[in-house]
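Colleague: 3D, please:
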Amino acid sequence: MTRADLGKDPSQVSAMFDRVAARYDRTNTVLSMGNAPLWRVATTRAVAPKPGERILDVAAGTGTSSASLAASGASVVAADFSPGMIEVGRARQEHVPNLVFVEADATNLPFGDDQFDAVTISFGLRNVNGPEQALAEFLRVTKPGGRLVICEFSQPQAPLIRTGYHAYQRYVMPTLVRLSSSNDDAYDYLNESIDAWPEQPELAALIRSVGYTDVAWRNLTGGIVALHRARKPLA
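Modeller: Here you go, the predicted model:
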């Protein structure tokens, strides 16, 4: 049994993701009822990668989102603190020439200041022990005028959707996890971390508090996921 708790001890979270790495992408597709690829497309469009740009994908996991970004011709760094995820990612994405994997902690990135045209993180910020510190690091390594895109689970605003989603989490998801995951217990943490995560306005305020401007968000799938965007000031 390997799972993290809401204390989000980095070693526990890393070990948990090591254990689920092999089936991670398949499990995500199953649990999202097929929406994961759509969320990835929306995130890639929000990042708007261009040939010649340098993009950092934090908590990149097996590099599925990183490969989508690299398809534009941009140079992509896939950073994750789970060695197991990186091992699987390197094997699966070895055909992508402009994609490199780096083991890195989101709260202490091994990059210099003003290095990236865009920084993005998908379904990873809520797993960080110290999301405000991570956001400050994202700001530090982004070039002035550069972009931030965060795709993360959130809370549906419509009462009917929220009720249905919570019922899905409680009654349907456990069965799907048993059928598709290599570590059932790890996905108990998934529900706990989603329920404890700030709603859209609170996350926007946190992003703004570390120095980003032009902060905005839009809901995907009725608010089950929210896409937050921001820019680093030019000066």
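
Colleague: now the biggest strand by length in the chain, how far from the chain's geometric center?
Modeller: The residue-count maximum for a strand in the chain (DSSP state E) belongs to strand 142-153. The gap between where strand 142-153 is centred and where its chain is centred comes out at 12 Å by C-alpha atoms, centre = their mean, to the nearest Å.

Colleague: Alpha carbons of that strand, in PDB - could you do that?
Modeller: Taking Å, rounded to 0.1, in the frame of the first residue of the first chain, the C-alpha atoms of strand 142-153 are listed here in PDB:
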ATOM      1  CA  THR A 142       9.400  32.600 -16.700                       C
ATOM      2  CA  LYS A 143      10.600  35.300 -19.000                       C
ATOM      3  CA  PRO A 144       9.000  38.800 -18.500                       C
ATOM      4  CA  GLY A 145       5.800  38.800 -20.500                       C
ATOM      5  CA  GLY A 146       5.700  35.000 -20.400                       C
ATOM      6  CA  ARG A 147       2.600  32.800 -19.800                       C
ATOM      7  CA  LEU A 148       1.300  30.600 -17.000                       C
ATOM      8  CA  VAL A 149      -1.300  28.000 -17.600                       C
ATOM      9  CA  ILE A 150      -2.700  25.800 -14.900                       C
ATOM     10  CA  CYS A 151      -5.200  22.900 -15.500                       C
ATOM     11  CA  GLU A 152      -6.500  21.500 -12.300                       C
ATOM     12  CA  PHE A 153      -9.500  19.800 -10.800                       C
END
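
Colleague: Does anything pack onto that strand? Which helices or strands?
Modeller: helix 36-47, strand 116-122, helix 200-209, strand 225-231 (3 or more C-beta pairs under 8 Å, 6 or more residues apart in numbering; DSSP states H and E). For the C-beta atoms, the positions are set from N, CA and C on the backbone; glycine is no exception.
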